[in-house]
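# next one to model:
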Amino acid sequence: KRGRGIAGFFIRKAIASADAIISPGASFQNIFLEKEGFDPKKNYFIPHGIDKDYYANRPLGPRIINGRYIISLGRDLGRDYLTLLKAVEKTNIPTVIGALKRNFPEGTVFPLNVCVDFFPREKISTILHDAEFVVVPVFNEDTMKGSDFCGQFSILEAMMAGKAIVTSTFSDAIIPEINGIVVSPEDPIALQKAILRLWNNPEEARHMGKLNAEKAGELLN
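Numbering: from 1, shown residues only. Predicted coordinates for the structure are as follows:
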């Protein structure tokens, strides 16, 4: 909705001075072009806010993380990484978590097979492509620890990279047992079973990943 008054004036000035304007929906792009008159040369429409070309193609270069591993990315407070830690602590599956210290309570003990680190955006595509599959653990929405439908961007990014997904959130893009595995939130046993299943059956993970790449291509066009 178009802002009015002095606040709206400064908001429009700030947007107009940006190097680029990214619209997650075509309607937003049209508003910026037709109603606000912003420069069309820097007004970009990126469906769902996902840069599909960046995630669909692995950048050239060596691996950033060696060996087989699973990955979980996301720094919002709705990520239930404690359940993930419990799920993988006795599996010896190399698990990489792209998060910040704030995502973990003080005093959290990390299993030896878990690496927690912040990864700059330019490395994410490579890390996703080289992973076996992606895990998106979230809290039950009733706990209100994060935003509604937390993890949706991570799911779409993983799909675009052609990865199978294990998650405890709802997504219209995932058909359970077809292109991903959906488990109950905050259930480390169920999450562990799903992770072990795909880890021990890489062909199934690759098949789900292939379906995800096709489906994401349709969603993001």
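
# now the strands for the protein?
Using DSSP state E, the strands assigned to the chain run over residues 21-23, 43-45, 70-73, 95-98, 114-117, 134-136, 165-167, 180-182.

# does anything pack onto the third one? Which helices or strands?
Other elements packing on strand 70-73 under the criterion 3 or more Cβ pairs under 8 Å, 6 or more residues apart in numbering; DSSP states H and E are helix 81-88, strand 95-98, helix 121-130, strand 134-136. All C-beta spots, glycine's among them, are computed from the backbone N, C-alpha and C.

# looking at the strands of the chain, which is closest to Lys123?
strand 95-98 (9.2 Å; Cβ to Cβ).

# hmm, back to that, how about a markdown table for the strands of the chain, with distance to Gln152 added?
Compiled in a markdown table, those are given as follows (distance: least, Cβ to Cβ, whole Å):
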| stretch | distance to Gln152 |
| --- | --- |
| strand 21-23 | 17 |
| strand 43-45 | 18 |
| strand 70-73 | 13 |
| strand 95-98 | 16 |
| strand 114-117 | 22 |
| strand 134-136 | 9 |
| strand 165-167 | 10 |
| strand 180-182 | 13 |
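
# so can I have CSV of those showing mean neighbour count and distance to Leu191?
Formatted as CSV, those follow (neighbours: other Cβ atoms under 10 Å; distance: least, Cβ to Cβ, whole Å):
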stretch, mean neighbour count, distance to Leu191
strand 21-23, 17, 33
strand 43-45, 16, 36
strand 70-73, 24, 11
strand 95-98, 24, 11
strand 114-117, 15, 14
strand 134-136, 28, 8
strand 165-167, 27, 7
strand 180-182, 23, 9
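
# between the ones you listed, which gets nearest to Phe104?
strand 114-117 (7.5 Å).

# in its sheet, what does that closest one sit against?
Neighbouring strands of strand 114-117 in its sheet, by DSSP bridges, are strand 95-98 (parallel).

# contact partners of the partner strand?
For strand 95-98, contacts defined as Cβ atoms under 8 Å, 6 or more residues apart in numbering pick out 65, 69-75, 81, 84, 88, 111, 113-119, 124, 127, 131, 135.

# now swap in stretch 198-218 and tell me
Residues contacting stretch 198-218 (Cβ under 8 Å, 6+ apart): 52, 56, 70, 91, 93, 132-133, 156, 158-166, 173, 178-181, 197.

# please identify the buried residues of that stretch?
Neighbour-count burial for stretch 198-218 flags 198-199, 205-206, 208-209, 211-213, 215-216 (criterion: 16 or more other Cβ atoms under 10 Å).

# how about stretch 86-93?
86-89, 93.

# ranges for the helices of this structure?
Using DSSP state H, the helices of the chain run over residues 5-16, 26-30, 52-56, 81-88, 121-130, 152-160, 188-200, 202-219.

# most tightly surrounded among those helices?
Greatest average neighbour count among the helices of the chain goes to helix 152-160 (a mean of 25), per mean count of other Cβ atoms under 10 Å.

# and that one, C-alpha only, in PDB?
The C-alpha trace of helix 152-160 is given here as PDB (Å, rounded to 0.1, in the frame of the first residue of the first chain):
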ATOM      1  CA  GLN A 152       9.900 -21.900   3.500                       C
ATOM      2  CA  PHE A 153      12.800 -20.100   1.700                       C
ATOM      3  CA  SER A 154      15.200 -22.800   2.700                       C
ATOM      4  CA  ILE A 155      12.900 -25.500   1.300                       C
ATOM      5  CA  LEU A 156      12.600 -23.700  -2.000                       C
ATOM      6  CA  GLU A 157      16.400 -23.100  -2.200                       C
ATOM      7  CA  ALA A 158      17.100 -26.700  -1.500                       C
ATOM      8  CA  MET A 159      14.600 -27.800  -4.100                       C
ATOM      9  CA  MET A 160      16.100 -25.600  -6.700                       C
END
